[in-house]
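# build me a model:
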Amino acid sequence: MFDWTIVNGQAVLPDGTKRVDIGISGHRIQAIEDDLSDAPSKGKIDAQGLMVLPGLVDMHTHFHLAMGGGRFSEAFETGTRGAIRGGVTTVVDFADPDDGGILSGLEARR
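Okay, here's the model as predicted:
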């Protein structure tokens, strides 16, 4: 038995985008199949016409960014905890060089 079954959703898989059903238990994807509509489940979500994204990527975060002599209050630990609660599984933090500094690998381009 699944905790949740998401049916009729569109998912991007290694072989392309297609309509699939997804079985979830213990906060993990347990099955991705063409049809799980009859599978025992504690709850079902009909995702007809929707994309199903198991984990989002935030490509531009600002954790502990220097700003006007201070820093944003969001630290990496609290920011990533908030991200995962919203379904974000990967973050790419903004690169903040020290004042007058440069990012590694860009020295030759100055």
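
# any idea which residue sits dead centre in the chain?
Nearest to the mean C-alpha position of the chain, counting by CA atoms, centre = their mean, stands residue 56 at 2.1 Å.

# low pLDDT regions in this protein?
For the chain, the stretches with pLDDT under 70 are 64, 66-73, 96-110.

# hmm, back to that, residues touching the residue nearest to the centre of the chain, list them.
86-90 (CB atoms under 8 Å, 6 or more residues apart in numbering). Placement of C-beta: from N, CA and C, glycine included.

# buried ones among those residues?
residue 88 (16 or more other CB atoms under 10 Å).

# next, residue 23: secondary structure please.
Secondary structure, DSSP: H, G, I helix; E, B strand; the rest coil: residue 23 is strand.

# before we move on, the earlier item: among the contacts of residue 56, name the ones in strands.
Of the contacts of residue 56, the ones assigned to strands by DSSP state E are 88-90.

# okay if I get these as CSV plus distance to residue 3?
CSV is the format used below for these (distance: CB to CB, whole Å):
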residue, distance to residue 3
88, 21
89, 18
90, 23
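
# which residues touch the longest strand seen in the chain?
Of all the elements of type strand in the chain, the one with the most residues (DSSP E) is strand 2-13. Counting contacts by CB under 8 Å, 6+ apart, the residues outside strand 2-13 that touch it are 17-26, 30-32, 36-37, 39-54.
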